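> Okay, sequence plus prediction incoming.
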Amino acid sequence: MTALAALVAAYLVGAIPMGFVVARVLGLGDIRRHGSGNIGAANVLRTLGKGPAAVTLLGDIVKGAAAVALARGIAAGDEPTTAAAAAIAVAGNCWPVFLRFRGGKGVATGFGAMLSLVPWATLPAAVAWLVIALTFRYASLASVIAAATVPLGALVLYSHVPARWVAALAVAVVIVWRHRENIARLLAGTERRIGDRTAA
């Protein structure tokens, strides 16, 4: 029951729709009706600008880390439960009960969760994201490659804790899957770049 409580708590924290809340507070309404239809920081940037996007990004990262920390506390440090909570928190962001299971793509929440679970493995991923984003200005491409980097780092640095790198792999799979339409647009040359604005 303790493990179940930890996972439920991680899901509910992960499911808090930061971008949706930010857009509502600023009077935009349902952000899913604007831009790409996503509730993440990239769409908030296109529709509302840098400030709201930064708040959304930070909020998603914090909730990912908080979900893992909360689950760790409830489960008294049990490794498999804590690792599973990281993946569950990302699932909460992608399929939030509060928005009828229509949520984000898990990138910032996944970063926060992995920062709490496998901190050293997130550093090369963060560098990869920045380099690719600044070079090509595709948030989706940067996110997919960064997500794939984390489980590789976790396998090398946390091979003694299998639950952690398995969770990192699960999170990467979810993030890449959630970006399948972006990948198709990248291949077609129609993907939007960072900084492209969408009229609200």
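It's in.
> When you work out contacts or count neighbours from here on, use the C-alpha atoms and nothing else.
Fine.
> Tell me where this protein is predicted with low confidence.
197-200 (pLDDT under 70).
> so where do the helices sit in it?
2-14, 18-25, 41-48, 50-74, 79-94, 107-117, 119-136, 139-157, 162-178, 180-188 (DSSP state H).
> quick one: which of those helices is nearest residue 196?
Of all the helices of the chain, helix 41-48 sits nearest to residue 196, with 6.1 Å by CA to CA.
> roughly how far apart are residue 60 and residue 119?
Taking CA to CA, to the nearest Å as the measure, residue 60 falls 16 Å from residue 119.
> Of these two, give the one with the bigger neighbour count.
For residue 60 versus residue 119, the count of surrounding residues by other CA atoms under 10 Å is larger for residue 60: 32 against 16.
> CA atoms only: put stretch 144-160 into CSV for me.
The C-alpha trace of stretch 144-160 is given here as CSV (Å, rounded to 0.1, in the frame of the first residue of the first chain):
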residue,chain,number,x,y,z
VAL,A,144,14.4,13.7,-28.5
ILE,A,145,18.2,13.6,-28.5
ALA,A,146,18.5,14.7,-24.9
ALA,A,147,15.9,12.2,-23.8
ALA,A,148,17.8,9.4,-25.5
THR,A,149,21.1,10.6,-23.8
VAL,A,150,19.8,10.2,-20.3
PRO,A,151,19.4,6.4,-20.2
LEU,A,152,22.8,5.9,-21.8
GLY,A,153,24.3,8.1,-19.0
ALA,A,154,22.3,6.3,-16.4
LEU,A,155,23.4,2.9,-17.6
VAL,A,156,27.1,4.0,-17.3
LEU,A,157,26.8,5.9,-14.0
TYR,A,158,24.1,4.0,-12.2
SER,A,159,24.5,0.4,-13.5
HIS,A,160,24.7,-0.7,-9.9
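> ok, residues contacting that stretch?
107, 118, 120-122, 124-126, 128-129, 162, 164-166, 168-169, 171-173, 175-176, 179 (CA atoms under 8 Å, 6 or more residues apart in numbering).
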